[in-house]
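Colleague: Sequence and predicted structure, then a few things I'm wondering about:
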Amino acid sequence: MKGVTKTIMIISAVVILAVLIWGIIGAQQAKEVGVTCEMGIGEVLCWTWHTNLVGEVQEFFENTGDAVRDISE
């Protein structure tokens with residue numbers, strides 16, 4: 001029984017660590033202009049995020065610049 005309990009504790013610790021790391025990565029992404037955090041805790045952790053209108057406009061101009069550069073080459 002001790003082995004099963006130890007295994008469950010290790011798996012639980014790994015899952016919690018993975019969730020925390022994903023939250024930290026999301027928080028870093030959400031700090032960028034054009035990205036909004038959908039689900040998180042303040043500015044410290046963010047688990048889901050999306051590109052907002054500002055980010056979509058930025059991507060449009062980047063893609064347009066890339067297309068113009070490709071055509072001119």
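Modeller: Structure received. Residues are numbered from 1 along each chain as shown.

Colleague: show me the contacts for the residue nearest in space to the middle of the chain.
Modeller: Geometric centre of the chain, nearest residue: G26, 3.3 Å, by C-alpha atoms, centre = their mean. With C-beta atoms under 8 Å, 6 or more residues apart in numbering as the criterion, the residues that contact G26 are C37, G40, L45, C46, W47, T48, W49. No exception for glycine: its C-beta is placed from N, CA and C like everyone else's.

Colleague: Now do the buried residues in the helix or strand containing it.
Modeller: According to DSSP states H and E, G26 maps onto helix 2-30. For helix 2-30, a neighbour-count test (16 or more other C-beta atoms under 10 Å) marks G23, G26, A27, A30 as buried.

Colleague: now stretch 36-55
Modeller: C37, G40, L45, C46, W49, G55.

Colleague: Ok, stretch 60-69 next?
Modeller: For stretch 60-69, a neighbour-count test (16+ other C-beta under 10 Å) marks nothing as buried.

Colleague: in the protein, which ranges drop under the pLDDT threshold?
Modeller: Applying pLDDT under 70 to the chain flags the ranges 1.

Colleague: picking that back up, list just the nearest of the contacts of G26 to I11.
Modeller: Nearest to I11 out of the contacts of G26 is W47 (C-beta to C-beta; 19.7 Å).

Colleague: quick one: the closest one from Q58, how far?
Modeller: 23 Å (C-beta to C-beta, to the nearest Å).

Colleague: Now Q58. Nearest residue, chain neighbours left out?
Modeller: G34 (5.1 Å; C-beta to C-beta, 6 or more residues apart in numbering).

Colleague: cool, and N52?
Modeller: Counting by C-beta to C-beta, 6+ apart, the residue nearest N52 is T36, at 4.5 Å.

Colleague: Please, which helix or strand holds the one you found?
Modeller: Counting by DSSP H and E, T36 is found in strand 35-41.

Colleague: and the angle for that strand with helix 2-30?
Modeller: Computed with axes from the mean of the first three to the mean of the last three C-alpha atoms, to 10 degrees, the direction of strand 35-41 lies at 150 degrees from that of helix 2-30.

Colleague: Pairing partners for strand 35-41, with directions?
Modeller: strand 45-51 (antiparallel) (DSSP bridges).
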